[in-house]
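**Q** Below are the sequence and a predicted model for it; my questions follow.
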Amino acid sequence: MILAYGEGPRVAVFAGSWHCSKSPVDGALIALGEPVGDCADPAAVSRLSSIATAVHLLKSLGIKVFFAGSGEDALAAFAGGADGLLSDLKYREGAPDSPDDSAFILIKAKTPEEVRRAVRLAGEIYKRRVEVLVAGGFEELKALGPYASAVVLESAPPLVKLESASHLPEIGRCGHCGVDFLMYGARITRCAYCGRRLLKVLTEKRPPQRPEVLRSAHKRLSAYEPLRIVVV
């Protein structure tokens, strides 16, 4: 099924290429309104892209983001730039009465005051470097993120909604002008505004589904943000 990005943030992160015959690379940015690929499972791609987008938006707050999930959901989190998985960390839930060898303290908080209090108490107990992780859903972490150094995303809402489209054009992206050219008619290789070579957005190639590869791809591709879409 040919899909377009129908509803969500102005720019989202694509994930779930393994469900598609042609799509952006996992970790690439997609612009609201543009076609995104030919995919067999629209619901899965929407869910995975929502996870990747949630991680990306939390990372934009300048904090570390870990993900409390596994399987293809974890791959989507890495496509959004996740720093790691909760299952890989040596952590304990809540601050203990006496220090142990934990590197991370996992807490639930509802207010900024609770976050900062937990950080202070961890320092008083451990008297060494220990990182406090605030766990929660996307909306909670978006509010508390500015008061934390690291968060654990437990769930992501349906931020990205894909819809069916009738045609899948080639798409060329100008990284300089921030324009995606939807080539329904003409085929162009250079930007109509600045003349620079366009980046191909849709591909049949699939990078290895490994965390370090997905995270690296997102870091590289997120530098090219599509600000507008133009039909040619």
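**A** Everything's here; your move.

**Q** just checking, what's the longest helix in this protein?
**A** helix 42-59 (DSSP state H).

**Q** any idea how far H218 is from R210?
**A** Taking C-beta to C-beta, to the nearest Å as the measure, R210 falls 13 Å from H218. Every residue, glycine included, has its C-beta placed from N, CA and C.

**Q** How about the backbone phi and psi for W18?
**A** phi -70, psi -10 (degrees, to the nearest 10).

**Q** Offset the numbering so it begins at 678, please.
**A** Yep, numbering from 678; the last one is W695 now.

**Q** G714 versus that one, what's the distance?
**A** The value you get for W695 to G714, if C-beta to C-beta is used, is 11 Å.

**Q** more neighbours, those two?
**A** Neighbour comparison, W695 and G714: the larger count goes to G714, with 29 against 17 (by other C-beta atoms under 10 Å).

**Q** to the chain's geometric centre, what's the distance from whichever strand or helix holds the more buried one?
**A** Element membership of G714 [criterion: DSSP states H and E] is strand 712-716. In terms of C-alpha atoms, centre = their mean, to the nearest Å, the centre of strand 712-716 is found 18 Å from the chain centre.

**Q** relative to strand 712-716, how tilted is the longest helix of the chain?
**A** If you take axes from the mean of the first three to the mean of the last three C-alpha atoms, to 10 degrees, helix 719-736 sits at 140 degrees to strand 712-716.

**Q** Check which helices and strands the very next helix or strand once past helix 719-736 sits against.
**A** Next helix or strand after helix 719-736 toward the C-terminus (DSSP H and E): strand 741-744. Applying 3 or more C-beta pairs under 8 Å, 6 or more residues apart in numbering; DSSP states H and E, one finds that strand 741-744 makes contact with helix 719-736, helix 748-756, strand 761-762, strand 827-832.

**Q** Indicate each strand paired with the shortest one and its parallel or antiparallel sense.
**A** Using DSSP bridges, the strands paired with strand 761-762 are strand 741-744 (parallel).

**Q** where are the low-confidence patches of this protein?
**A** Flagging of the chain using pLDDT under 70 yields an empty set of residue ranges.

**Q** Near S893, how many other residues are there?
**A** Number of residues near S893 (other C-beta under 10 Å) recorded here: 15.

**Q** hang on, I meant P835
**A** Burial measure for P835: 12 neighbouring residues, criterion other C-beta under 10 Å.

**Q** S726 versus that one, what's the distance?
**A** As judged by C-beta to C-beta, P835 and S726 stand 10 Å apart.

**Q** So this structure: which segments form each domain?
**A** According to automatic domain parsing, the chain is divided into the following domains: 679-727+838-908, 741-832.

**Q** Can you lay out those as JSON lines showing distance to L735?
**A** Listed next are the domains of the chain as JSON lines, based on distance: least, C-beta to C-beta, whole Å:
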{"stretch": "domain 679-727+838-908", "distance to L735": "12"}
{"stretch": "domain 741-832", "distance to L735": "5"}
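
**Q** Now for the residue nearest to A705 when sequence neighbours are not counted: which residues touch it?
**A** Computed as C-beta to C-beta, 6 or more residues apart in numbering, the closest residue to A705 that is not its neighbour in sequence is L898, at 4.4 Å. Residues in contact with L898 (C-beta atoms under 8 Å, 6 or more residues apart in numbering) are V702, G704, A705, L706.
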